[in-house]
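> got a predicted structure here, sequence first:
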Amino acid sequence: MDANLKSPAAGSDRIVIIGGGFAGINLVKKLRNSVYQVVMLDKNNYHTFQPLLYQVATGGLEPDSIAYPLRKIFHGYKNFSFRVAAVSNIDTVLKQVETDVGLISYDHLVIATGSGNNFFNLGGMSRYAMPLKSITEALDLRSLILQNMESALVAPEIEREKYFNIVIVGGGPTGVELAGAITELKKHVLPNDYPEINLERMQIYLIEASERLLAGLTVSASEGAYKTLTGMGVNVMLNTRVQDYDGDLVKYGADKQLKSKTVIWSAGVQGEIVNGLGQEVLKRGNRYDVDAYHRINGYENVFAIGDVALMSTENYPTGHPMVAQVAIQQARNLGQNFLRQRSGKSETAFKYKDLGSMATIGRNKAVADLPGFSTRGRFAWLIWMFIHLMNLVGFRNRVVVFINWLWNYISYDRAIRLVIRPFKRNTH
Ligand SMILES: Cc1cc2nc3c(=O)[nH]c(=O)nc-3n(C[C@H](O)[C@H](O)[C@H](O)COP(=O)(O)OP(=O)(O)OC[C@H]3O[C@@H](n4cnc5c(N)ncnc54)[C@H](O)[C@@H]3O)c2cc1C
(Lines give C-alpha, C1' and ligand atoms only; values in the text may rest on other atoms or scores of the structure.)
Protein backbone atom coordinates (compact mmCIF):
# COMPACT_ATOMS: atom_id res chain seq x y z
CA MET A 1 0.00 0.00 0.00
CA ASP A 2 1.09 3.61 -0.65
CA ALA A 3 3.98 2.75 -2.98
CA ASN A 4 6.46 2.90 -0.06
CA LEU A 5 5.54 6.49 0.78
CA LYS A 6 6.08 7.56 4.39
CA SER A 7 2.96 8.40 6.36
CA PRO A 8 2.37 12.14 6.78
CA ALA A 9 3.82 13.53 10.04
CA ALA A 10 1.44 13.78 13.00
CA GLY A 11 -0.95 16.69 12.48
CA SER A 12 -0.14 16.86 8.78
CA ASP A 13 -2.32 15.84 5.82
CA ARG A 14 -1.35 14.22 2.54
CA ILE A 15 -2.27 16.04 -0.66
CA VAL A 16 -2.08 13.75 -3.69
CA ILE A 17 -1.81 15.56 -7.05
CA ILE A 18 -2.47 13.58 -10.24
CA GLY A 19 -0.59 15.21 -13.11
CA GLY A 20 2.66 17.13 -13.47
CA GLY A 21 1.47 19.60 -16.10
CA PHE A 22 1.19 23.38 -15.70
CA ALA A 23 -1.43 22.99 -12.96
CA GLY A 24 0.32 20.24 -11.00
CA ILE A 25 3.77 21.82 -10.89
CA ASN A 26 2.47 25.24 -9.87
CA LEU A 27 0.45 23.72 -7.06
CA VAL A 28 3.50 21.92 -5.69
CA LYS A 29 5.52 25.16 -5.89
CA LYS A 30 2.87 26.96 -3.86
CA LEU A 31 2.96 24.25 -1.19
CA ARG A 32 6.77 24.12 -0.98
CA ASN A 33 7.97 23.16 2.49
CA SER A 34 4.48 23.74 3.96
CA VAL A 35 2.96 21.57 6.68
CA TYR A 36 1.36 19.31 4.04
CA GLN A 37 2.91 16.14 2.69
CA VAL A 38 2.66 16.59 -1.09
CA VAL A 39 2.68 13.54 -3.38
CA MET A 40 2.66 13.97 -7.15
CA LEU A 41 1.77 11.12 -9.50
CA ASP A 42 2.33 11.26 -13.25
CA LYS A 43 2.47 8.55 -15.88
CA ASN A 44 5.63 10.25 -17.24
CA ASN A 45 8.68 11.34 -15.26
CA TYR A 46 8.77 14.69 -17.04
CA HIS A 47 6.77 17.86 -17.55
CA THR A 48 5.89 18.71 -21.17
CA PHE A 49 5.76 22.28 -22.45
CA GLN A 50 2.90 21.62 -24.87
CA PRO A 51 2.87 25.04 -26.61
CA LEU A 52 6.10 24.12 -28.42
CA LEU A 53 5.14 20.57 -29.41
CA TYR A 54 4.50 21.71 -32.96
CA GLN A 55 8.14 22.78 -33.28
CA VAL A 56 9.26 19.28 -32.27
CA ALA A 57 6.86 17.87 -34.87
CA THR A 58 8.34 20.05 -37.59
CA GLY A 59 12.02 19.46 -36.80
CA GLY A 60 12.73 22.86 -35.22
CA LEU A 61 13.40 21.65 -31.67
CA GLU A 62 14.61 18.48 -29.98
CA PRO A 63 12.04 16.91 -27.63
CA ASP A 64 14.32 17.20 -24.62
CA SER A 65 14.35 20.98 -24.87
CA ILE A 66 10.62 21.19 -24.17
CA ALA A 67 10.50 18.48 -21.49
CA TYR A 68 11.87 18.64 -17.97
CA PRO A 69 12.28 15.91 -15.32
CA LEU A 70 9.65 16.40 -12.64
CA ARG A 71 11.98 15.27 -9.85
CA LYS A 72 14.48 17.93 -10.84
CA ILE A 73 11.92 20.75 -10.69
CA PHE A 74 11.36 19.95 -7.03
CA HIS A 75 14.92 19.44 -5.77
CA GLY A 76 15.17 20.67 -2.21
CA TYR A 77 11.43 20.42 -1.47
CA LYS A 78 11.35 18.68 1.93
CA ASN A 79 7.65 17.83 1.92
CA PHE A 80 7.48 16.41 -1.61
CA SER A 81 7.47 12.88 -3.08
CA PHE A 82 6.99 11.79 -6.66
CA ARG A 83 5.98 8.46 -8.16
CA VAL A 84 5.75 7.54 -11.83
CA ALA A 85 2.25 6.11 -11.75
CA ALA A 86 -0.72 5.98 -14.10
CA VAL A 87 -3.88 6.48 -12.08
CA SER A 88 -6.79 4.33 -13.20
CA ASN A 89 -9.42 4.78 -10.51
CA ILE A 90 -10.42 6.91 -7.53
CA ASP A 91 -12.16 5.48 -4.47
CA THR A 92 -13.60 8.43 -2.58
CA VAL A 93 -15.00 6.25 0.22
CA LEU A 94 -11.65 4.68 1.13
CA LYS A 95 -9.86 7.89 0.04
CA GLN A 96 -7.36 6.17 -2.18
CA VAL A 97 -6.34 6.08 -5.83
CA GLU A 98 -5.59 2.94 -7.81
CA THR A 99 -2.41 3.10 -9.88
CA ASP A 100 -0.17 0.73 -11.79
CA VAL A 101 2.20 0.79 -8.81
CA GLY A 102 -0.51 0.03 -6.26
CA LEU A 103 -3.00 1.87 -4.08
CA ILE A 104 -2.11 5.31 -2.72
CA SER A 105 -4.16 6.99 -0.01
CA TYR A 106 -4.92 10.68 0.29
CA ASP A 107 -6.46 13.22 2.64
CA HIS A 108 -6.99 15.72 -0.20
CA LEU A 109 -6.92 14.75 -3.86
CA VAL A 110 -6.22 17.16 -6.72
CA ILE A 111 -6.94 16.00 -10.27
CA ALA A 112 -4.75 17.91 -12.74
CA THR A 113 -4.73 15.42 -15.59
CA GLY A 114 -5.20 17.94 -18.42
CA SER A 115 -6.98 17.04 -21.64
CA GLY A 116 -6.92 14.45 -24.40
CA ASN A 117 -8.16 14.42 -27.96
CA ASN A 118 -11.83 14.55 -28.83
CA PHE A 119 -12.50 13.08 -32.26
CA PHE A 120 -16.25 13.72 -32.04
CA ASN A 121 -17.00 10.07 -32.81
CA LEU A 122 -15.23 10.18 -36.16
CA GLY A 123 -13.89 6.61 -35.99
CA GLY A 124 -11.57 6.92 -38.99
CA MET A 125 -10.07 10.15 -37.66
CA SER A 126 -9.31 8.59 -34.27
CA ARG A 127 -7.75 5.59 -36.02
CA TYR A 128 -5.70 7.27 -38.74
CA ALA A 129 -5.24 10.98 -37.99
CA MET A 130 -2.18 12.23 -36.09
CA PRO A 131 -2.92 14.00 -32.80
CA LEU A 132 -0.46 16.38 -31.13
CA LYS A 133 -0.81 16.26 -27.37
CA SER A 134 2.40 14.60 -26.25
CA ILE A 135 6.09 14.34 -27.09
CA THR A 136 5.60 10.82 -28.46
CA GLU A 137 2.90 12.09 -30.81
CA ALA A 138 5.09 15.01 -31.91
CA LEU A 139 7.92 12.60 -32.75
CA ASP A 140 5.50 10.33 -34.61
CA LEU A 141 4.32 13.28 -36.67
CA ARG A 142 7.88 14.39 -37.43
CA SER A 143 8.69 10.87 -38.63
CA LEU A 144 5.51 10.59 -40.70
CA ILE A 145 6.05 13.89 -42.53
CA LEU A 146 9.58 12.84 -43.48
CA GLN A 147 8.63 9.25 -44.27
CA ASN A 148 5.89 10.47 -46.61
CA MET A 149 8.37 12.66 -48.47
CA GLU A 150 10.55 9.60 -48.96
CA SER A 151 7.53 7.59 -50.13
CA ALA A 152 6.54 10.37 -52.54
CA LEU A 153 9.95 10.08 -54.11
CA VAL A 154 9.60 6.40 -54.97
CA ALA A 155 5.81 6.04 -55.45
CA PRO A 156 4.27 5.54 -58.92
CA GLU A 157 3.01 8.84 -60.31
CA ILE A 158 -0.66 7.97 -59.77
CA GLU A 159 -0.10 7.56 -56.01
CA ARG A 160 2.16 10.49 -55.28
CA GLU A 161 -0.46 13.14 -54.48
CA LYS A 162 -1.53 11.50 -51.22
CA TYR A 163 2.08 11.55 -49.96
CA PHE A 164 2.50 15.23 -50.80
CA ASN A 165 -0.73 16.60 -49.33
CA ILE A 166 -0.89 17.54 -45.67
CA VAL A 167 -4.30 18.18 -44.12
CA ILE A 168 -4.66 19.90 -40.74
CA VAL A 169 -8.10 19.69 -39.19
CA GLY A 170 -8.91 22.50 -36.75
CA GLY A 171 -8.01 26.17 -37.06
CA GLY A 172 -7.21 26.98 -33.44
CA PRO A 173 -3.71 28.05 -32.33
CA THR A 174 -2.23 24.55 -32.81
CA GLY A 175 -3.62 24.20 -36.36
CA VAL A 176 -2.51 27.71 -37.34
CA GLU A 177 0.98 27.27 -35.88
CA LEU A 178 1.43 23.88 -37.54
CA ALA A 179 0.22 25.15 -40.92
CA GLY A 180 2.74 28.00 -40.75
CA ALA A 181 5.62 25.77 -39.64
CA ILE A 182 4.98 23.09 -42.27
CA THR A 183 4.74 25.75 -44.98
CA GLU A 184 8.14 27.10 -43.94
CA LEU A 185 9.51 23.56 -44.03
CA LYS A 186 8.17 23.20 -47.57
CA LYS A 187 9.58 26.54 -48.65
CA HIS A 188 13.00 26.69 -47.04
CA VAL A 189 14.07 23.20 -46.03
CA LEU A 190 12.59 20.46 -48.20
CA PRO A 191 13.76 21.95 -51.54
CA ASN A 192 17.37 21.35 -50.45
CA ASP A 193 16.70 17.80 -49.33
CA TYR A 194 14.47 16.81 -52.25
CA PRO A 195 15.71 18.59 -55.35
CA GLU A 196 14.07 15.89 -57.50
CA ILE A 197 10.60 16.80 -56.25
CA ASN A 198 8.55 19.71 -57.54
CA LEU A 199 7.39 20.97 -54.14
CA GLU A 200 4.62 23.04 -55.70
CA ARG A 201 2.80 19.72 -55.64
CA MET A 202 2.92 19.62 -51.87
CA GLN A 203 -0.31 21.28 -50.76
CA ILE A 204 -1.12 22.19 -47.19
CA TYR A 205 -4.78 22.37 -46.22
CA LEU A 206 -6.16 23.87 -43.01
CA ILE A 207 -9.79 22.91 -42.50
CA GLU A 208 -11.92 24.75 -39.96
CA ALA A 209 -15.61 24.09 -39.27
CA SER A 210 -16.45 27.60 -38.06
CA GLU A 211 -16.36 30.86 -39.98
CA ARG A 212 -12.98 31.99 -38.69
CA LEU A 213 -9.55 30.82 -37.53
CA LEU A 214 -8.42 31.35 -33.92
CA ALA A 215 -11.94 31.61 -32.51
CA GLY A 216 -10.55 32.45 -29.04
CA LEU A 217 -8.86 35.62 -30.31
CA THR A 218 -10.31 38.87 -31.66
CA VAL A 219 -11.81 39.02 -35.17
CA SER A 220 -8.92 41.20 -36.29
CA ALA A 221 -6.37 38.58 -35.13
CA SER A 222 -8.37 35.87 -36.96
CA GLU A 223 -8.40 37.91 -40.14
CA GLY A 224 -4.69 38.61 -39.78
CA ALA A 225 -3.94 34.89 -39.42
CA TYR A 226 -6.13 34.07 -42.44
CA LYS A 227 -4.42 36.67 -44.62
CA THR A 228 -0.94 35.62 -43.55
CA LEU A 229 -1.55 31.91 -44.06
CA THR A 230 -3.26 32.26 -47.44
CA GLY A 231 -0.46 34.63 -48.46
CA MET A 232 2.02 31.88 -47.61
CA GLY A 233 0.12 29.48 -49.87
CA VAL A 234 -1.88 27.50 -47.29
CA ASN A 235 -5.31 26.38 -48.52
CA VAL A 236 -7.50 27.61 -45.67
CA MET A 237 -11.01 26.15 -45.82
CA LEU A 238 -13.45 27.85 -43.45
CA ASN A 239 -17.04 26.71 -42.76
CA THR A 240 -15.93 23.24 -43.75
CA ARG A 241 -16.67 20.16 -41.70
CA VAL A 242 -14.66 16.96 -42.14
CA GLN A 243 -16.81 13.85 -42.31
CA ASP A 244 -14.13 11.19 -41.80
CA TYR A 245 -10.85 9.74 -42.97
CA ASP A 246 -9.89 6.25 -44.13
CA GLY A 247 -6.12 6.62 -44.07
CA ASP A 248 -6.00 7.78 -47.72
CA LEU A 249 -9.01 10.04 -48.28
CA VAL A 250 -10.35 12.85 -46.13
CA LYS A 251 -14.06 13.28 -46.70
CA TYR A 252 -15.47 16.76 -46.13
CA GLY A 253 -18.51 18.88 -46.89
CA ALA A 254 -21.35 17.04 -48.59
CA ASP A 255 -19.36 14.73 -50.88
CA LYS A 256 -15.91 16.20 -51.40
CA GLN A 257 -12.59 14.55 -50.68
CA LEU A 258 -8.86 15.14 -50.49
CA LYS A 259 -6.12 12.58 -50.91
CA SER A 260 -3.66 12.58 -48.02
CA LYS A 261 -1.49 10.23 -46.00
CA THR A 262 -0.81 12.96 -43.43
CA VAL A 263 -3.88 14.21 -41.61
CA ILE A 264 -3.27 16.09 -38.37
CA TRP A 265 -6.04 16.40 -35.82
CA SER A 266 -6.15 19.66 -33.87
CA ALA A 267 -9.91 20.14 -33.84
CA GLY A 268 -11.00 19.12 -30.40
CA VAL A 269 -9.95 18.24 -26.89
CA GLN A 270 -11.76 16.90 -23.88
CA GLY A 271 -10.99 16.49 -20.19
CA GLU A 272 -8.71 13.55 -19.36
CA ILE A 273 -10.82 12.20 -16.54
CA VAL A 274 -10.07 9.35 -14.13
CA ASN A 275 -12.69 6.68 -13.38
CA GLY A 276 -14.38 6.62 -10.00
CA LEU A 277 -16.43 9.78 -9.66
CA GLY A 278 -20.04 9.73 -10.84
CA GLN A 279 -21.15 10.83 -14.30
CA GLU A 280 -23.03 13.70 -12.67
CA VAL A 281 -19.78 15.58 -11.98
CA LEU A 282 -18.90 15.72 -15.68
CA LYS A 283 -19.87 18.74 -17.70
CA ARG A 284 -19.42 19.86 -21.30
CA GLY A 285 -16.19 18.62 -22.85
CA ASN A 286 -15.86 15.82 -20.28
CA ARG A 287 -14.54 18.25 -17.68
CA TYR A 288 -15.15 18.09 -13.93
CA ASP A 289 -17.78 20.48 -12.61
CA VAL A 290 -15.99 22.50 -9.93
CA ASP A 291 -17.05 25.34 -7.65
CA ALA A 292 -15.22 28.66 -7.24
CA TYR A 293 -12.77 26.96 -4.85
CA HIS A 294 -11.87 24.19 -7.35
CA ARG A 295 -13.81 21.56 -5.38
CA ILE A 296 -15.57 18.96 -7.51
CA ASN A 297 -19.22 19.46 -6.74
CA GLY A 298 -20.41 16.95 -4.16
CA TYR A 299 -16.92 15.97 -2.94
CA GLU A 300 -15.39 17.68 0.08
CA ASN A 301 -11.77 16.66 -0.44
CA VAL A 302 -11.49 16.17 -4.20
CA PHE A 303 -10.44 19.09 -6.41
CA ALA A 304 -9.78 19.59 -10.13
CA ILE A 305 -7.66 22.30 -11.76
CA GLY A 306 -6.41 23.11 -15.25
CA ASP A 307 -7.85 21.76 -18.50
CA VAL A 308 -9.79 18.97 -16.78
CA ALA A 309 -11.82 21.40 -14.63
CA LEU A 310 -14.86 23.36 -15.71
CA MET A 311 -15.67 26.28 -13.44
CA SER A 312 -18.71 28.14 -14.65
CA THR A 313 -18.57 31.86 -13.80
CA GLU A 314 -20.39 34.98 -14.95
CA ASN A 315 -17.64 35.88 -17.43
CA TYR A 316 -16.97 32.28 -18.42
CA PRO A 317 -20.35 30.49 -18.30
CA THR A 318 -19.00 27.49 -20.23
CA GLY A 319 -15.72 27.36 -18.34
CA HIS A 320 -12.36 29.07 -18.72
CA PRO A 321 -10.31 28.54 -21.87
CA MET A 322 -8.10 25.43 -21.80
CA VAL A 323 -4.81 27.31 -21.72
CA ALA A 324 -1.69 27.31 -19.56
CA GLN A 325 -2.44 30.58 -17.72
CA VAL A 326 -5.75 29.26 -16.41
CA ALA A 327 -4.04 26.10 -15.14
CA ILE A 328 -1.24 28.11 -13.49
CA GLN A 329 -3.55 30.64 -11.83
CA GLN A 330 -5.97 27.96 -10.60
CA ALA A 331 -3.07 26.00 -9.09
CA ARG A 332 -1.79 29.06 -7.25
CA ASN A 333 -5.23 29.87 -5.91
CA LEU A 334 -5.87 26.32 -4.73
CA GLY A 335 -2.41 26.17 -3.10
CA GLN A 336 -3.11 29.44 -1.32
CA ASN A 337 -6.44 28.08 -0.10
CA PHE A 338 -4.78 24.95 1.33
CA LEU A 339 -2.38 27.21 3.24
CA ARG A 340 -5.23 29.46 4.38
CA GLN A 341 -7.20 26.46 5.65
CA ARG A 342 -4.28 25.50 7.91
CA SER A 343 -4.18 28.94 9.45
CA GLY A 344 -7.93 28.99 10.01
CA LYS A 345 -8.65 31.56 7.30
CA SER A 346 -11.46 31.32 4.80
CA GLU A 347 -10.81 30.20 1.23
CA THR A 348 -10.64 32.69 -1.65
CA ALA A 349 -12.81 32.24 -4.73
CA PHE A 350 -10.90 31.93 -8.01
CA LYS A 351 -10.75 34.96 -10.28
CA TYR A 352 -9.05 34.61 -13.65
CA LYS A 353 -6.78 37.40 -14.83
CA ASP A 354 -6.65 37.18 -18.62
CA LEU A 355 -3.10 37.98 -19.72
CA GLY A 356 -3.98 37.69 -23.42
CA SER A 357 -3.70 35.15 -26.23
CA MET A 358 -1.39 34.79 -29.17
CA ALA A 359 -0.39 32.51 -32.01
CA THR A 360 2.70 32.47 -34.17
CA ILE A 361 2.49 31.73 -37.88
CA GLY A 362 6.09 31.85 -39.04
CA ARG A 363 9.23 33.96 -39.04
CA ASN A 364 8.29 37.55 -38.17
CA LYS A 365 4.63 36.56 -38.30
CA ALA A 366 2.33 36.29 -35.29
CA VAL A 367 -0.91 37.69 -33.91
CA ALA A 368 -1.36 38.75 -30.29
CA ASP A 369 -4.27 40.06 -28.23
CA LEU A 370 -2.77 41.49 -25.07
CA PRO A 371 -4.42 43.40 -22.23
CA GLY A 372 -5.23 46.80 -23.68
CA PHE A 373 -3.90 46.27 -27.20
CA SER A 374 -3.65 43.89 -30.16
CA THR A 375 -0.69 43.60 -32.45
CA ARG A 376 0.59 41.47 -35.29
CA GLY A 377 3.65 40.91 -37.43
CA ARG A 378 7.23 41.06 -36.18
CA PHE A 379 6.46 42.78 -32.86
CA ALA A 380 3.85 40.13 -31.97
CA TRP A 381 6.33 37.44 -33.00
CA LEU A 382 9.04 38.83 -30.73
CA ILE A 383 6.59 39.01 -27.80
CA TRP A 384 5.49 35.44 -28.52
CA MET A 385 9.10 34.22 -28.47
CA PHE A 386 9.96 36.10 -25.28
CA ILE A 387 6.90 34.79 -23.40
CA HIS A 388 7.46 31.21 -24.50
CA LEU A 389 11.16 31.30 -23.61
CA MET A 390 10.45 32.73 -20.18
CA ASN A 391 7.78 30.13 -19.46
CA LEU A 392 9.88 27.12 -20.41
CA VAL A 393 10.94 25.12 -17.38
CA GLY A 394 14.70 25.02 -16.80
CA PHE A 395 17.50 27.43 -17.66
CA ARG A 396 19.23 24.89 -19.92
CA ASN A 397 16.06 24.44 -21.97
CA ARG A 398 15.71 28.21 -22.40
CA VAL A 399 19.27 28.52 -23.65
CA VAL A 400 18.97 25.52 -25.99
CA VAL A 401 15.67 26.74 -27.44
CA PHE A 402 17.02 30.26 -27.88
CA ILE A 403 20.12 29.01 -29.73
CA ASN A 404 17.98 26.74 -31.91
CA TRP A 405 15.66 29.62 -32.80
CA LEU A 406 18.57 31.86 -33.59
CA TRP A 407 20.13 29.20 -35.79
CA ASN A 408 16.86 28.45 -37.57
CA TYR A 409 16.34 32.18 -38.13
CA ILE A 410 19.76 32.82 -39.58
CA SER A 411 20.05 29.63 -41.63
CA TYR A 412 16.38 29.14 -42.61
CA ASP A 413 17.01 25.54 -41.58
CA ARG A 414 15.23 22.98 -39.38
CA ALA A 415 18.16 20.81 -38.51
CA ILE A 416 16.36 18.02 -36.68
CA ARG A 417 14.72 16.18 -39.54
CA LEU A 418 15.58 12.73 -38.29
CA VAL A 419 13.51 9.58 -38.48
CA ILE A 420 14.95 7.92 -35.39
CA ARG A 421 11.97 5.73 -34.74
CA PRO A 422 9.93 5.18 -37.92
CA PHE A 423 6.21 5.71 -37.42
CA LYS A 424 3.98 2.69 -37.99
CA ARG A 425 0.27 3.31 -37.96
CA ASN A 426 -1.66 1.27 -35.43
CA THR A 427 -4.95 0.64 -37.18
CA HIS A 428 -6.74 -1.14 -34.36
C1 LIG B 1 -0.12 21.39 -29.19
C2 LIG B 1 -0.59 22.30 -28.07
C3 LIG B 1 -0.30 23.65 -28.11
C4 LIG B 1 -0.71 24.49 -27.08
N5 LIG B 1 -0.39 25.82 -27.13
C6 LIG B 1 -0.73 26.62 -26.11
C7 LIG B 1 -0.30 27.98 -26.08
O8 LIG B 1 0.35 28.47 -27.02
N9 LIG B 1 -0.66 28.75 -25.00
C10 LIG B 1 -1.37 28.24 -23.95
O11 LIG B 1 -1.63 28.94 -22.99
N12 LIG B 1 -1.80 26.96 -23.97
C13 LIG B 1 -1.47 26.14 -25.00
N14 LIG B 1 -1.88 24.82 -24.98
C15 LIG B 1 -2.75 24.36 -23.89
C16 LIG B 1 -1.93 24.10 -22.63
O17 LIG B 1 -0.81 23.32 -22.93
C18 LIG B 1 -2.86 23.42 -21.62
O19 LIG B 1 -3.91 24.29 -21.32
C20 LIG B 1 -2.10 23.09 -20.34
O21 LIG B 1 -1.07 22.16 -20.60
C22 LIG B 1 -3.05 22.53 -19.28
O23 LIG B 1 -2.32 22.24 -18.14
P24 LIG B 1 -2.79 21.05 -17.20
O25 LIG B 1 -1.82 21.03 -16.05
O26 LIG B 1 -4.23 21.15 -16.91
O27 LIG B 1 -2.60 19.71 -18.07
P28 LIG B 1 -1.31 19.13 -18.79
O29 LIG B 1 -0.27 20.14 -18.97
O30 LIG B 1 -1.84 18.42 -19.99
O31 LIG B 1 -0.76 18.05 -17.76
C32 LIG B 1 -1.48 16.89 -17.41
C33 LIG B 1 -0.51 15.89 -16.82
O34 LIG B 1 -1.27 14.82 -16.27
C35 LIG B 1 -0.66 13.58 -16.57
N36 LIG B 1 -1.71 12.57 -16.54
C37 LIG B 1 -2.86 12.56 -17.28
N38 LIG B 1 -3.61 11.49 -16.94
C39 LIG B 1 -2.94 10.83 -15.98
C40 LIG B 1 -3.21 9.64 -15.25
N41 LIG B 1 -4.35 8.95 -15.40
N42 LIG B 1 -2.30 9.21 -14.35
C43 LIG B 1 -1.14 9.90 -14.17
N44 LIG B 1 -0.84 11.01 -14.84
C45 LIG B 1 -1.72 11.50 -15.73
C46 LIG B 1 -0.02 13.81 -17.92
O47 LIG B 1 1.05 12.90 -18.15
C48 LIG B 1 0.43 15.26 -17.84
O49 LIG B 1 1.76 15.35 -17.35
C50 LIG B 1 -1.47 23.96 -26.00
C51 LIG B 1 -1.77 22.60 -25.97
C52 LIG B 1 -1.33 21.77 -26.98
C53 LIG B 1 -1.65 20.30 -26.94
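All right, it came through fine.
> how about the residues of the stretch 51-200 of the chain near the ligand?
By Cβ under 6 Å from any ligand atom, the residues of the stretch 51-200 of the chain that approach the ligand are 51, 53-54, 86-87, 112-114, 132-133, 173-174. From N, CA and C alone the C-beta is placed, and that goes for glycine too.
> closest to Ala23 among those?
Ala112 (3.9 Å; Cβ to Cβ).
> what's the neighbour count on that closest one?
The tally of other residues near Ala112 (other Cβ atoms under 10 Å) stands at 31.
> which residues does it contact?
Shown in contact with Ala112 (Cβ atoms under 8 Å, 6 or more residues apart in numbering): 17-19, 21, 23-24, 27, 304-306, 308, 327, 331.
> strands of the stretch 251-400 of the chain, start to end?
256-259, 262-265, 269-271, 282-283, 287-290, 302-304, 309-311, 357-362, 365-370, 373-376 (DSSP state E, counting those that start in this stretch).
> quick check, central residue of the chain?
Centroid-nearest residue in the chain: Gln50, 4.2 Å away (criterion: Cα atoms, centre = their mean).
> which residue, other than its chain neighbours, is closest to Ala86?
Using Cβ to Cβ, 6 or more residues apart in numbering and skipping the chain neighbours, the partner closest in space to Ala86 is Lys43 (4.0 Å).
> quick one: the one you found and Ser88 touch, right?
No: with contacts counted by Cβ atoms under 8 Å, Lys43 stays clear of Ser88, the gap being 10.2 Å.
> tell me the domain ranges of this structure?
Domains of the chain are assigned by automatic domain parsing as 2-117+269-342, 123-267.
> now do the end-to-end distance for the shortest one.
I take that to be domain 123-267. End-to-end span of domain 123-267 (Cα to Cα, to the nearest Å): 14 Å.
> in strands only, show me the residues of the stretch 51-200 of the chain next to the ligand.
Cross-referencing those against strands under DSSP state E gives Val87.
> in a markdown table, list the residues of the stretch 51-200 of the chain next to the ligand along with pLDDT.
Below are these laid out as a markdown table (pLDDT from 0 to 100):
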| residue | pLDDT |
| --- | --- |
| Pro51 | 96 |
| Leu53 | 97 |
| Tyr54 | 97 |
| Ala86 | 98 |
| Val87 | 98 |
| Ala112 | 98 |
| Thr113 | 98 |
| Gly114 | 98 |
| Leu132 | 97 |
| Lys133 | 96 |
| Pro173 | 96 |
| Thr174 | 96 |
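> which of the residues of the stretch 51-200 of the chain next to the ligand sits closest to the ligand?
Nearest to the ligand out of these is Gly114 (Cβ to the nearest ligand atom; 2.3 Å).
> next, count neighbours for that closest one.
Residues lying near Gly114 (other Cβ under 10 Å) number 24.
> residues contacting it?
Applying Cβ under 8 Å, 6+ apart, the residues contacting Gly114 are 19, 21, 23, 272, 306-308, 327.
> show me what the helix or strand containing Ser126 is packed against.
Assessed by DSSP states H and E, Ser126 sits inside helix 123-128. Using 3 or more Cβ pairs under 8 Å, 6 or more residues apart in numbering; DSSP states H and E, the elements in contact with helix 123-128 are strand 242-245, strand 262-265.
> need the buried ones from the residues of the stretch 51-200 of the chain next to the ligand selected in ChimeraX.
To isolate the buried ones among these in ChimeraX, judged by 16 or more other Cβ atoms under 10 Å, type:
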select :51,53,54,87,112,113,114,132,133,173,174
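> get me the contact residues on the stretch 201-350 of the chain for the ligand.
Residues of the stretch 201-350 of the chain found near the ligand (Cβ under 6 Å from any ligand atom) are 272, 274, 306-308, 322-325, 327.
> OK, contacts around the closest residue in space to Ile166 that isn't next to it in sequence?
In space, and not counting its chain neighbours, Ile166 is closest to Thr262: 4.6 Å by Cβ to Cβ, 6+ apart. Applying Cβ under 8 Å, 6+ apart to Thr262 gives the contacts 130, 144-145, 148, 165-167.
> from the residues you listed, which ones fall inside helices?
Judged by DSSP state H, those include 144-145, 148 as members of helices.
> sorry, back to before: out of the residues of the stretch 201-350 of the chain next to the ligand, who's the most crowded?
When neighbours are counted by other Cβ under 10 Å, Gly306 leads those with 32 neighbours.
> check what pLDDT Met1 gets.
At Met1, the model reports a pLDDT of 75.
> adjust the sequence numbering to begin at 33 for everything that follows.
Okay, using 33 as the starting number, the last item reads as Met33.
> so Arg115: helix, strand or coil?
For Arg115, the assignment made with DSSP: H, G, I helix; E, B strand; the rest coil gives strand.
> contacting residues around it?
By Cβ under 8 Å, 6+ apart, the contact list for Arg115 reads 35, 37, 71-73, 131, 133, 136.
> Thr168 now?
Thr168 neighbours (Cβ under 8 Å, 6+ apart): none.
> do the same with Arg327
334-335.
> coming back round to it: may I see the helices and strands packed on helix 155-160 arranged in CSV, with mean pLDDT and distance to Ser252 as well?
Supplementary listing: these in CSV, determined by pLDDT from 0 to 100; distance: least, Cβ to Cβ, whole Å:
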stretch, mean pLDDT, distance to Ser252
strand 274-277, 96, 27
strand 294-297, 98, 26
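> picking up where we left off before, dump the domains of the chain to CSV, plus distance to Phe411.
Below are these laid out as CSV (distance: least, Cβ to Cβ, whole Å):
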stretch, distance to Phe411
domain 34-149+301-374, 19
domain 155-299, 12
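> ok, which of those domains comes nearest Arg453?
Among those, domain 155-299 comes nearest to Arg453, with 6.6 Å by Cβ to Cβ.
> what residue in the stretch 333-460 of the chain comes nearest to the ligand?
Gly338 (2.2 Å).
> against the ligand, how distant is the nearest residue to Gly202 once chain neighbours are set aside?
Excluding the flanking residues, the one nearest Gly202 by Cβ to Cβ, 6+ apart is Ala299, at 3.1 Å. Distance, Ala299 to the ligand, by Cβ to the nearest ligand atom, to the nearest Å: 12 Å.
> can you report how many residues lie near Ala299?
Using other Cβ under 10 Å, Ala299 has 25 neighbouring residues.
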